[in-house]
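Asker: what shape does this take:
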Amino acid sequence: MQGVDTTTWEIQVHPAFTGLGGTRYHADLFRQGEWVARIAMSEAAPSLSEAEKILSERCRDWIARHEERERRGDTSFQILRR
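Answerer: The predicted model follows:
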């Protein structure tokens, strides 16, 4: 992935839904092996390679925004308790 540290980030593209309109795909984003986010396509792609091209660009944009945002306090996920 151009412009993204591939030792830190990994993208895995999978089919999400197959129907009459074609196949929609989603990409799972992992940071250092931990799942971080899922980016989904709202429309069908003509092929897996086309979906990978579209989703990798969207993922690069998401990663850039994620890494640039200001952090405050503990940013790890916490279990919500009542």
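
Asker: can you confirm residue 25 is in a strand?
Answerer: Yes. Counting by DSSP: H, G, I helix; E, B strand; the rest coil, residue 25 falls inside a strand.

Asker: leaving out chain neighbours, which residue sits closest to it?
Answerer: Distance criterion Cβ to Cβ, 6 or more residues apart in numbering; nearest residue to residue 25, sequence neighbours excluded, is residue 51 at 3.8 Å. From N, CA and C alone the C-beta is placed, and that goes for glycine too.

Asker: thought that neighbour was touching residue 11?
Answerer: No. Assessed by Cβ atoms under 8 Å, residue 51 is found out of contact with residue 11, at 11.3 Å.

Asker: how many neighbours does the residue nearest to residue 25 have?
Answerer: Neighbour count of residue 51, defined by other Cβ atoms under 10 Å: 22.

Asker: would you mind listing the buried residues in the helix or strand in which residue 59 is found?
Answerer: Secondary structure from DSSP states H and E places residue 59 in helix 48-68. Of the residues in helix 48-68, 51, 52, 54, 55, 56, 59, 60, 62, 63 count as buried by neighbour count, 16 or more other Cβ atoms under 10 Å.

Asker: helices or strands up against it?
Answerer: Packing partners of helix 48-68 (3 or more Cβ pairs under 8 Å, 6 or more residues apart in numbering; DSSP states H and E): strand 9-19, strand 22-31, strand 34-40.
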